[in-house]
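Asks: Kindly return the folded structure for what I paste below:
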Amino acid sequence: MLPDGKGAPSVSSREPWWVRFAPVIFVLLWSGGFPVGKVGIHSAGPMTFLAIRYLLVIAVMLPLLIVLRPPMPKGAEWRHLAVVGLLIQGCYFGLGYLSLALGVSAGIAALISSLQPIATALLAPRLAGEHISPRAWLGLGLGLAGAAIVIVTKSGIGATSTSGLIAAFGALAMMTAGTFYEKRFGVTQHPVPANLVQHGVALAGLLPVALFAEGFRVESRPSLWISLAYLVIGNSVIAVGLLLAMVRRGRVSRVSALFFLVPPLAAVIAWLLLGEQMPSLAWAGFVVAAAGVALAAGVRLPGRAPAIPVEERS
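Replies: Just a heads-up that it's a prediction; the model follows:
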């Protein structure tokens, strides 16, 4: 997790330099995780792949912990970090990769993941004290419609296993729960101990499954290690850290709206990385999704005051 201030800052407060670029960096890195992860599980079982990924994250963080000697969490902060790590690193990624292994295509998995803002918006009034305005609902609807256009026109939605779909929707529920928990209990933490705690908890849950259910079988290929390098640095460290930091600085519904850009961008990255063709209509869906995110997040338009579609109750 990246350092940041506690609570949502006022409009006039000075933001750290990284806040301006955090949404773009996060969306790009997170979107790339779908095609890159699809490559990785061809060489190892989903839990084995994740266990190796988390072992590598810990291997990167431990020397930094020794050298930097950062401030450590105190009291209940250990528990809060562990819960978020279990929900996001363990349950979300575990169920998401399991859904891919059970026959759900990367496109369908990305589309189900993009439902997270809808789930967040439905629960935000009760769990986070936020009111969702009609403008925000319009943006959420456009975002979902655009994401669906991209995925449907790119790969189609065909028959898939019921168990795989259950796993994909379970992953959606875990990410939503992790987002709300971080909003409620998350505080400023140094990224090194935070990542060690969260990935350590996730590894403790996934490693027995990898050993006893999958036999920890791995086919060593260059594609496996390249995908692991991307996911360790890009997703596990940078993207998740940015997500949780943005959640603490802003409102839950606005940050979650970024997920609507993931399916279209995942399709673009898969086209560039894997040569998967994207139909012309899919580009139109990308534009619709981007417009929906702009509405839901209250993006400032030229010559207009910034719209605030999601208001916190005092």
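Asks: quick one, helices of the stretch 151-300 of the chain?
Replies: 162-185, 191-212, 222-230, 240-249, 252-256, 262-274, 280-297 (DSSP state H, counting those that start in this stretch).
Asks: If we go by neighbour counts, what in the longest one is buried?
Replies: Spelled out, that is helix 162-185. Residues of helix 162-185 classed as buried by neighbour count (16 or more other CB atoms under 10 Å): 164-165, 167-172, 174-183. For every residue, glycine as well, the C-beta is placed using N, CA and C.
Asks: so how far is Val187 from Ala245?
Replies: Using CB to CB, to the nearest Å, Ala245 is found at 11 Å from Val187.
Asks: Tell me which of those two has more neighbours.
Replies: Remark: of Ala245 and Val187, Ala245 carries more neighbours, 26 against 16, as counted by other CB atoms under 10 Å.
Asks: That one reaches Pro23, doesn't it?
Replies: No: the criterion here is CB atoms under 8 Å, and Ala245 misses it with Pro23 at 11.1 Å.
Asks: any weak-confidence spans in the stretch 201-314 of the chain?
Replies: For the stretch 201-314 of the chain, the stretches with pLDDT under 70 are 248, 250-257, 274, 276, 296-314.
Asks: Count the residues that sit near Arg221.
Replies: For Arg221, the count of nearby residues is 14 (other CB under 10 Å).
Asks: dump the residue contacts of it.
Replies: Counting by CB atoms under 8 Å, 6 or more residues apart in numbering, Arg221 touches Ser43.
Asks: What distance do you get for it to Leu100?
Replies: As judged by CB to CB, Arg221 and Leu100 stand 17 Å apart.
Asks: before we move on, what about Ile112?
Replies: Applying CB to CB, the value for Ile112 to Leu100 is 11 Å.
Asks: do the same with Ile269
Replies: Distance of Ile269 to Leu100, computed by CB to CB: 16 Å.
Asks: for Leu172, same thing?
Replies: Using CB to CB, one gets 14 Å for the distance from Leu172 to Leu100.
Asks: Over to Leu231?
Replies: Taken as CB to CB, the span from Leu231 to Leu100 is 13 Å.
Asks: out of those two, which sits in the busier spot?
Replies: More crowded of Leu231 and Leu100, by other CB under 10 Å: Leu231, with 27 against 21.
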